[in-house]
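S.K.: Please work out how this folds:
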Amino acid sequence: MLSNQTDAELFQALCLGDLSALGKLYDGYGEIVYRMALRMLGNPQEAEDLTQDVFLTLWRNRSYDSKRGSMQVFLTTMTRSKAIDRHRQKRSHLNVLQKWGHNQPLENSTNLMDKISLKEISQRVSEAMSELPDNQRQVLEMAYFEGMSQSEISAGLNLPLGTVKTNKRQGLLRLRQMLQDLVE
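M.R.: Alright, predicted model coming up:
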């Protein structure tokens with residue numbers, strides 16, 4: 001680190017609102033986080049996005065505890081976890097698209113009728129989402145469109161984790177019921 005302050009002191013300053021402390025932590029660990037993200041995701045743009053996400057999460061959640069380990073270990077663990085979440089999310093989204101697109105991968109869908117069909121499906125899903133209660137719709141949008149974990153949604157909405165899980169499950173069940181003809 002270029003700073004004379006320890007990681008714990010920088011984190012404490014960050015918690016007290018000193019954003020320059022976040023910059024110093026980024027200067028010290030940004031490259032390590034980026035390299036790990038790039039190794040796990042294989043895409044420079046996604047690695048940059050994940051690196052930014054890791055440091056924003058550090059700033060927002062303020063969950064680092066120096067008694068439990070070093071800042072480097074904390075950040076690399078968070079990076080690994082978020083990269084795994086992104087892989088799972090991509091796989092889940094691809095599975096849904098393939099199921100709704102009659103098991104045809106989206107990339108190979110060159111037929112005009114296939115493209116129209118996917119557009120209609122997307123429109124139906126959007127309409128169904130708009131019919132959900134606000135609490136369920138908001139949780140689903142944050143989870144599937146913004147890629148947030150349930151814990152991040154809980155923190156972002158200031159709701160208990162159990163409430164977020166319930167809203168997500170109820171929203172998905174309701175969507176499934178509304179879109180029954182698409183998932184059969």
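
S.K.: CA only for contacts and neighbour counts going forward, please
M.R.: Fine.

S.K.: separation between residue 131 and residue 172?
M.R.: Distance of residue 131 to residue 172, computed by C-alpha to C-alpha, to the nearest Å: 12 Å.

S.K.: Among those two, which residue is more densely surrounded?
M.R.: Set side by side, residue 131 and residue 172 show more neighbours around residue 172, with 17 against 14, by other C-alpha atoms under 10 Å.

S.K.: Show me this structure divided up by domain.
M.R.: Listed by automatic domain parsing, the domain ranges of the chain are 1-87, 101-184.

S.K.: Format those as TSV; extra columns: mean pLDDT.
M.R.: Formatted as TSV, the domains of the chain follow (pLDDT from 0 to 100):
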stretch	mean pLDDT
domain 1-87	88
domain 101-184	78
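
S.K.: ok, now which ones touch the closest residue to residue 149 other than its chain neighbours?
M.R.: Spatially, and ignoring its direct neighbours in sequence, residue 149 is nearest to residue 143 (6.2 Å; C-alpha to C-alpha, 6 or more residues apart in numbering). Applying C-alpha atoms under 8 Å, 6 or more residues apart in numbering, we find residue 143 in contact with 149-150, 153.

S.K.: Quick check: of these, which has the highest neighbour count?
M.R.: Ranking the contacts of residue 143 using other C-alpha under 10 Å puts residue 153 first, with 22 neighbours.

S.K.: What helix or strand is it located in?
M.R.: Taking DSSP states H and E as the definition, residue 153 sits inside helix 150-157.

S.K.: quick one: contacts for residue 78?
M.R.: By C-alpha under 8 Å, 6+ apart, the neighbours of residue 78 are residue 54.

S.K.: List the buried residues of the helix or strand containing it.
M.R.: Following DSSP H and E, one finds residue 78 within helix 71-100. Neighbour-count burial for helix 71-100, counted by 16 or more other C-alpha atoms under 10 Å, picks out 71-72, 74-76, 78-80, 82-83, 86, 89, 97, 100.

S.K.: which stretches of the chain form helices?
M.R.: With helices called from DSSP state H, the chain shows them at 7-15, 19-41, 44-61, 71-100, 112-131, 134-144, 150-157, 161-178, 180-183.

S.K.: ok, residue 62 touching residue 15?
M.R.: Yes - using C-alpha atoms under 8 Å as the test, residue 62 is close enough to residue 15 to be in contact (6.7 Å).

S.K.: Looking at these two, which one has more neighbours?
M.R.: Between residue 62 and residue 15, counted using other C-alpha under 10 Å, the more crowded position is residue 15 (18 against 13).

S.K.: CA-only coordinates of stretch 70-80 in PDB, if you can.
M.R.: Taking C-alpha atoms only, stretch 70-80 is exported to PDB below (Å, rounded to 0.1, in the frame of the first residue of the first chain):
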ATOM      1  CA  SER A  70      -6.600  -9.400   5.900                       C
ATOM      2  CA  MET A  71      -8.300  -7.000   3.500                       C
ATOM      3  CA  GLN A  72      -6.700  -8.900   0.600                       C
ATOM      4  CA  VAL A  73      -8.300 -12.200   1.700                       C
ATOM      5  CA  PHE A  74     -11.600 -10.500   2.300                       C
ATOM      6  CA  LEU A  75     -11.600  -8.800  -1.100                       C
ATOM      7  CA  THR A  76     -10.500 -11.900  -3.000                       C
ATOM      8  CA  THR A  77     -13.100 -14.100  -1.200                       C
ATOM      9  CA  MET A  78     -15.800 -11.600  -2.200                       C
ATOM     10  CA  THR A  79     -14.500 -11.500  -5.800                       C
ATOM     11  CA  ARG A  80     -14.500 -15.300  -6.000                       C
END
